[in-house]
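[1] predicted model follows, preceded by the sequence.
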Amino acid sequence: MKILATILTLAIAGGVAVTPVLAGEHEDESGERGEYQEHGNRGLESLPPAIQAAIEAASPGAEVMGARMENEDGVKCFEVRATSPSGARMEFKVSPIGDVIEIEEECEAADAPAAIRTHLKNLFPGSDMEELERKTCTVYAAEKEFGPTVYEVQIDASGRLLSIEAENEGADEEDEDSAEAVDVTQLPEAVRSAVPSAQVKRAMLESEDGTLVYEVLVTNSDGATLEVVVTTDGALIETEQRTTLEALPATVRHTLESVLPGSDLDELERKQIVLYEAEFEGEELSCEVQMDATGRILKTESEHEDHEQGEQYKRGDDEDERGGRYEREHDEDDRGGRFEREHDDDDD
């Protein structure tokens with residue numbers, strides 16, 4: 001059993017300054033919120049080259065509808081609205097040098113993982129679902145030992161510190177012992193379909209907070225090794241890839257070196273985590289719920305019509321690495337939040 005203790009979690013409050021984006025005009029630091037600059041038939045080519053390349057790599061064929069520069073707590077990023085080749089509404093958050101921070105994509109309930117559909121059906125009977133989004137978030141995770149304690153730091157692609165955790169040395173051993181090796185030729189078709197076109201090297205089946213998941217080690221066409229975490233019915237939970245200090249975005253490296261000085265890190269990974277976020281509207285109550293692909297509820301928020309801001313209810317789980325792992329905090333702008341790890345014993 002993993003013994004985790006969150007020693008620090010940062011959720012930076014404050015306003016979000018947003019300005020319109022035009023090619024060659026993306027350095028405006030105005031504190032006033034601007035409207036999206038519609039790109040019309042100029043599309044992707046109207047954005048700076050680094051942003052173009054990032055969006056094309058993340059979603060080939062996406063049609064850009066508009067963009068703006070967001071300045072959140074001194075951290076700049078491009079917020080780009082687009083339409084996917086299938087017609088779904090998308091939004092990209094990309095750093096000025098082209099690192100994708102977050103991708104949001106409109107999702108039909110029928111296309112969500114089975115566990116998500118089941119939870120949504122049971123959570124809010126009689127309420128209408130206003131929106132369902134699939135979010136893919138880029139996070140860098142580093143580990144370093146200090147004596148008997150292993151510290152894990154998580155930073156998003158903009159360089160924002162998300163969390164620092166302390167873990168007792170050897171706490172992973174019981175988890176590793178409970179994992180079961182799986183013959184890669186016997187992987188369910190749904191799991192193989194979820195894994196990127198690559199050579200499967202190894203597969204393990206293990207329980208995450210009572211839910212069985214596959215951890216599949218693959219080598220992609222570029223020769224890079226990835227670990228892909230997938231539910232038994234093929235829903236992608238996250239991908240993990242080892243990286244180096246030299247390959248980190250400068251803002252991420254700066255933040256990492258400020259909290260874990262020195263280059264002798266025990267582990268450094270780039271992760272892409274998949275989340276689902278749904279909004280429901282009732283007669284007197286609106287609610288937002290966030291889940292991972294296994295259907296685990298990470299956070300719910302509710303708001304009565306006569307309250308400006310609803311009370312938040314957060315879930316944490318000390319015994320599970322993924323339980324309560326990422327949650328979004330909402331300030332004045334519903335896209336001005338960030339992800340943080342919660343591991344408290346009780347809900348807030």
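    Okay, I see it. Since the structure is predicted, the reported quantities are computational estimates derived from the model, not experimental observations. Numbering: from 1, shown residues only.
[2] please count neighbours and contacts with C-alpha atoms only from this point.
    OK.
[3] so what's H119 closest to, chain neighbours aside?
    Leaving aside its sequence neighbours, H119 sits nearest to G295 (CA to CA, 6 or more residues apart in numbering; 6.6 Å).
[4] am I right that the one you found is in a strand?
    No - the assignment for G295, made by DSSP: H, G, I helix; E, B strand; the rest coil, is coil rather than a strand.
[5] compute the number of surrounding residues for it.
    When neighbours are counted by other CA atoms under 10 Å, G295 registers 19.
[6] isn't it up against A112?
    No - at 10.1 Å, G295 does not count as touching A112 under the criterion of CA atoms under 8 Å.
[7] ok, the residue nearest to H119 - contacts?
    For G295, the contact set (CA atoms under 8 Å, 6 or more residues apart in numbering) comprises 115-116, 119.
[8] ranking these by neighbours, who comes first?
    Ranking the contacts of G295 using other CA under 10 Å puts I116 first, with 23 neighbours.
[9] picking up where we left off before, among the contacts of G295, which lie within helices?
    Judged by DSSP state H, the contacts of G295 include 115-116, 119 as members of helices.
[10] which one of those is nearest to R89?
    I116 (19.8 Å; CA to CA).
[11] the closest one and V289 touch, don't they?
    No - I116 is beyond contact range of V289, at 10.7 Å (criterion: CA under 8 Å).
[12] so the residue nearest the centre of the chain is in which element?
    Per CA atoms, centre = their mean, the C-alpha nearest to the average position across the chain is that of C137, at 2.6 Å. Element membership for C137 (DSSP states H and E) is strand 128-146.
[13] next SSE downstream of that strand?
    strand 149-156.
[14] quick check: bridge partners of the closest residue to F78 other than its chain neighbours?
    When the adjacent residues along the chain are set aside, F78 lies closest to M69, with 4.6 Å between them (CA to CA, 6+ apart). The partner list for M69 in beta bridges (DSSP bridges) reads T19, F78.
[15] V289 versus M69, what's the distance?
    Separation of M69 from V289 (CA to CA, to the nearest Å) stands at 27 Å.
[16] and the two? which has more neighbours close in?
    Taking other CA under 10 Å, M69 and V289 do not tie; M69 has more neighbours (31 against 20).
[17] so that one touches F92, yeah?
    No - the pair M69 and F92 fails to qualify as a contact (CA under 8 Å) at a distance of 11.5 Å.
[18] now for those two: what residues contact both?
    78-79.
[19] ok, how many other residues are close to A250?
    By other CA under 10 Å, neighbour count at A250 equals 15.
[20] tell me how far it lies from L260.
    Distance from A250 to L260, by CA to CA: 15 Å.
[21] with Y214 instead?
    31 Å.
[22] between these two, tell me which one has more neighbours.
    Shown here are Y214 and L260; by other CA under 10 Å, Y214 has more neighbours (27 against 18).
[23] any idea how far K271 is from the more buried one?
    Y214 is 16 Å from K271, by CA to CA.
[24] picking up where we left off before, check what pLDDT the residue nearest to F78 gets.
    You'll see M69 listed with a pLDDT of 87.
[25] same question for D346.
    pLDDT, read off for D346, is 45.
[26] now swap in S221 and tell me
    Per-residue confidence at S221 stands at 77 (pLDDT).
[27] likewise for G15?
    On the pLDDT scale, G15 gets 34.
[28] cool, and E208?
    With respect to pLDDT, E208 scores 83.
[29] neighbours of it, how many?
    16.
[30] so what's it bridging to?
    T211.
[31] again with V182
    Beta-bridge partners for V182, by DSSP bridges, are A203.
[32] show me the contacts for it.
    Residues near V182 by CA under 8 Å, 6+ apart: 202-205.
[33] just the buried members of these?
    Buried members of the contacts of V182, scored by 16 or more other CA atoms under 10 Å, are 203-205.
[34] closest to V228 among those residues?
    Looking across the buried ones among the contacts of V182 and measuring by CA to CA, the closest to V228 is A203, at 9.4 Å.
[35] how close does that closest one sit to V229?
    For A203, the distance to V229 - CA to CA - is 10 Å.
[36] touching both of these two, which residues are there?
    The contact sets of A203 and V229 overlap at 214-216 (CA under 8 Å, 6+ apart).
[37] what's the closest of the contacts of V182 to F124?
    L205 (31.9 Å).
[38] is it true that D266 touches K144?
    Yes - taking contacts as CA under 8 Å, D266 lies within contact range of K144: 5.1 Å.
[39] those two: who's more crowded?
    K144 (20 against 12).
[40] relative to S258, how far out is that one?
    13 Å.
[41] cool, L285 as well?
    43 Å.
[42] these two: which has the busier surroundings?
    L285 (15 against 9).
[43] so what pairs up with the more buried one in the strands?
    H304.
[44] tell me how far it lies from K121.
    L285 is 17 Å from K121, by CA to CA.
[45] what do you get for K135?
    As judged by CA to CA, K135 and K121 stand 20 Å apart.
[46] which intervals of the stretch 101-250 of the chain have sub-threshold pLDDT?
    126-127, 169-177, 197 (pLDDT under 70).
[47] on that earlier part again, most widely separated two among the contacts of V182?
    Farthest-apart pair in the contacts of V182 is R202 and L205; separation 10.5 Å (CA to CA).
[48] okay then, goodbye and thanks.
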